[in-house]
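[1] with the sequence up front, the predicted model follows.
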Amino acid sequence: MNTKTITIRIFCIYNDVVGFGPAEQIEIYGYPREVFPPIDFHTATLVGDRIIIVGCLGYKDARRLGHTPVYSLDLSHYHISEIQTTGENPGWIFKQEAELDPTGKINIRGGEVIGSRDGRQQYRRNFNEYVLDINTWTWLRNTNRNWRQFSIRREDKGIFVLDQRPEPQALLPRTVEHSVVPCKEWNDARIVVDGILVSITVGVSFIDVIVEGDLPSEKSRQLAEEVRANAEAVVGHRCVME
């Protein structure tokens, strides 16, 4: 009799706290979803006897776009509570960095922010830096960078992997004058156009073109369009730009 083994992998995000004690003692604390929902790609900053948790990716249907989740974990009895904040928050941010300064403020930079476009969620890089004052739970945006981001994807929603992943250097514009600058990341290329730094990053589903400065709108779009056309030629599939 022939038998077949079927393996089913289910992706899960957890909402528990794991504590490691002496003598390899491990304690796991679980929480109701309405108290502490499943989160991932957040930051956890130790402030006295509390851990301040900021941001997350989370499940798609649970995201509150325009809101930044903040939680406080009391280390004395592992009570966790959501913190209501005010001010100009970064939005639904994840994969960011957090740093506590001596004045009791958590500095947030980098990461990605999820917004909405044409009725669907869209990921964008976070270009600005934010500060959360834990004395007043008030957000303040520290920068106002007028950077542009263009995202290129395959029209058939395929992915850029293996033989379908273009080398960043093959995507560089041909008619826009530029100079190439060194880049440490294997999936990145960096160029300078009219004194403005531009990065081209090849991801799994998107190729991101980020103009890190005030390059005129027409030239920025021309540059991004050339990258799109080059990507289309390399992968052999129609590519569109957002």
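    Looks like it came in fine. Numbering: from 1, shown residues only.
[2] give me the domain ranges for this protein.
    Listed by automatic domain parsing, the domain ranges of the chain are 16-141, 148-241.
[3] contacting residues around the one residue sitting closest to the centre of the chain?
    The residue lying closest to the centre of the chain (C-alpha atoms, centre = their mean) is Glu112, at 2.4 Å. By C-beta atoms under 8 Å, 6 or more residues apart in numbering, the contact set of Glu112 is 93-96, 123-126. All C-beta atoms are positioned from the backbone trio N, CA, C, and that covers glycine.
[4] let's go with 10 Å and repeat that
    Contacts for Glu112 (C-beta atoms under 10 Å, 6 or more residues apart in numbering) come out as 41, 55, 57, 91-96, 123-126.
[5] wait, doesn't Gly203 sit right on Arg154?
    No: the criterion here is C-beta atoms under 10 Å, and Gly203 misses it with Arg154 at 11.9 Å.
[6] where do the helices sit along the protein?
    Counting by DSSP state H, the segments of the chain that form helices are 217-235.
[7] low-confidence regions, it specifically.
    1-10, 163 (pLDDT under 70).
[8] what number of residues lie near the closest residue to Trp139 other than its chain neighbours?
    Leaving aside its sequence neighbours, Trp139 sits nearest to Gly87 (C-beta to C-beta, 6 or more residues apart in numbering; 3.5 Å). Neighbour count of Gly87, defined by other C-beta atoms under 10 Å: 15.
[9] same thing with Glu129?
    Residue neighbour count, defined by other C-beta under 10 Å, stands at 18 for Glu129.
[10] residue contacts, it?
    Neighbouring residues of Glu129 by C-beta under 10 Å, 6+ apart: 90, 96-97, 107-110, 140-145.
[11] if we only consider those residues, which is nearest to Met241?
    Distance to Met241 across those (C-beta to C-beta) is lowest for Arg145, with 21.2 Å.
[12] who touches the residue nearest to Thr175 when sequence neighbours are not counted in this structure?
    Spatial nearest neighbour of Thr175, excluding adjacent residues (C-beta to C-beta, 6+ apart): Glu226 at 6.6 Å. Glu226 makes contact with 171-176, 209, according to C-beta under 10 Å, 6+ apart.
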